[in-house]
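# need a structure here:
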Amino acid sequence: MFTSPNYAKSQSSGGKSIRLSRISDYATGRTLVVPLDHSVTVGPLGMADHANSLVHTLAQAGTNAVVLHRGRAKHVDPAHFARMGLIVHLSAGTTRSMDLDSKVLVGGVEDALRIGADAVSVHVNIGSSTEREQLQDFGRVSHECETLGVPLLAMMYARGPLRGDLPSDAAELKHLAAIATDLGADLVKLDYSGTPESMREVAESCPLPICVAGGPPLEDVDAHALALGAEILSSGVAGLSFGRNVFEARNPYAVASALARMMHSPQESASRSELEIA
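Numbers count the residues shown, from 1 in each chain. Below is the predicted model of the structure:
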């Protein structure tokens with residue numbers, strides 16, 4: 001299961017411990033998560049079978065878990081999850097909304113378990129006009145997860161009309177991590193603070209395993225993903241949660257496999273030549 005300097009295994013129930021071990025590397029306790037829930041927000045990520053083909057590729061590459069909405073997960077061959085965990089996302093919002101920071105629950109923990117999920121995730125925008133409702137939803141899902149023994153990944157962001165588009169600093173990220181901890185999450189996804197030193201401060205303030213988001217893709221996604229991944233991992237966090245920086249790469253298999261090797265075999269460097277895999 002996940003490990004971090006401040007994480008006590010006894011804090012997880014038996015069911016949660018077993019399921020956490022399915023979405024992380026047994027030897028290192030670290031995880032590479034690839035979110036594929038973006039289609040609700042922005043539209044299709046490819047052809048009709050894109051989810052099935054992407055999940056197959058990611059499983060072959062050594063990804064530890066993917067994030068999908070429950071309806072999309074039904075269009076993925078269950079065999080792909082023999083070697084990779086499934087996290088079902090319970091929150092939704094779209095770029096067509098009048099409130100871009102609003103998120104609502106569109107599923108429950110039991111729904112996720114029925115399709116074979118190993119964990120669930122919720123998205124919370126602190127500072128949004130619907131912060132109160134989003135926190136209430138978080139609390140309800142957390143209670144359900146405790147009852148059913150299901151790990152909860154909290155995707156915590158500082159977004160809202162009063163803060164603009166400023167990047168989150170270490171102090172803000174510490175607050176987001178504290179909210180996730182206090183409301184019962186088992187893992188927390190955060191934006192990157194900008195430097196390994198400041199991200200290490202965030203990790204040292206939080207008893208939960210932290211997965212750091214890759215953010216929007218930049219030019220030359222493949223090389224950018226590896227460089228950013230190496231930089232983030234040097235801060236000592238428990239994992240990476242890279243979506244667009246993997247599935248929008250020129251070679252998603254090469255990027256995911258290089259990140260997985262970097263994650264679980266730190267002594268191996270991911271050279272640019274690894275991106276030449278056909």
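# quick one, phi psi at the residue nearest the centre of the chain?
Residue closest to the average C-alpha location in the chain (Cα atoms, centre = their mean): residue 241, at 4.1 Å. Its backbone dihedrals place residue 241 at phi -130, psi 90, with angles given as degrees, to the nearest 10.
# Repeat that for residue 205.
Backbone geometry at residue 205, expressed as degrees, to the nearest 10, gives phi -90, psi -10.
# Show the contacting residues for residue 156.
124, 126, 176, 177, 179, 180, 188, 189, 190 (Cβ atoms under 8 Å, 6 or more residues apart in numbering). Any C-beta I mention is one placed from the backbone N, CA and C, and that applies to glycine too.
# for the residue nearest to the centre of the chain, which residues make a bridge with it?
Judged by DSSP bridges, the bridge partners of residue 241 are residue 33, residue 213.
# Pick the one among the contacts of residue 156 closest to residue 115.
Nearest to residue 115 among these is residue 189, at 21.4 Å by Cβ to Cβ.
# hang on, that closest one packs against residue 154?
Yes - judged on Cβ atoms under 8 Å, residue 189 makes contact with residue 154 at a distance of 7.0 Å.
# anything in contact with each of these two?
Residues touching both residue 189 and residue 154 (Cβ under 8 Å, 6+ apart) are residue 121.
# Now, the contacts of residue 156 that are in helices?
176, 177, 179, 180 (DSSP state H).
# all strands for the stretch 1-150 of the chain, in order.
31-35, 65-68, 85-89, 91-92, 104-105, 119-126 (DSSP state E, counting those that start in this stretch).
# Could you report the neighbour count for residue 136?
Other residues within reach of residue 136, judged by other Cβ atoms under 10 Å, total 12.
# which residues in the chain form helices?
Along the chain, counting by DSSP H, helices occupy 14-22, 38-42, 50-61, 70-73, 109-114, 131-148, 170-182, 196-205, 221-233, 244-247, 252-264.
# With distance to residue 95 and mean pLDDT as new columns, can the ones you listed be given to me in a markdown table?
What follows is the helices of the chain, written out as a markdown table (distance: least, Cβ to Cβ, whole Å; pLDDT from 0 to 100):
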| stretch | distance to residue 95 | mean pLDDT |
| --- | --- | --- |
| helix 14-22 | 32 | 93 |
| helix 38-42 | 6 | 95 |
| helix 50-61 | 18 | 98 |
| helix 70-73 | 17 | 98 |
| helix 109-114 | 24 | 98 |
| helix 131-148 | 17 | 98 |
| helix 170-182 | 22 | 98 |
| helix 196-205 | 28 | 98 |
| helix 221-233 | 20 | 95 |
| helix 244-247 | 14 | 96 |
| helix 252-264 | 23 | 96 |
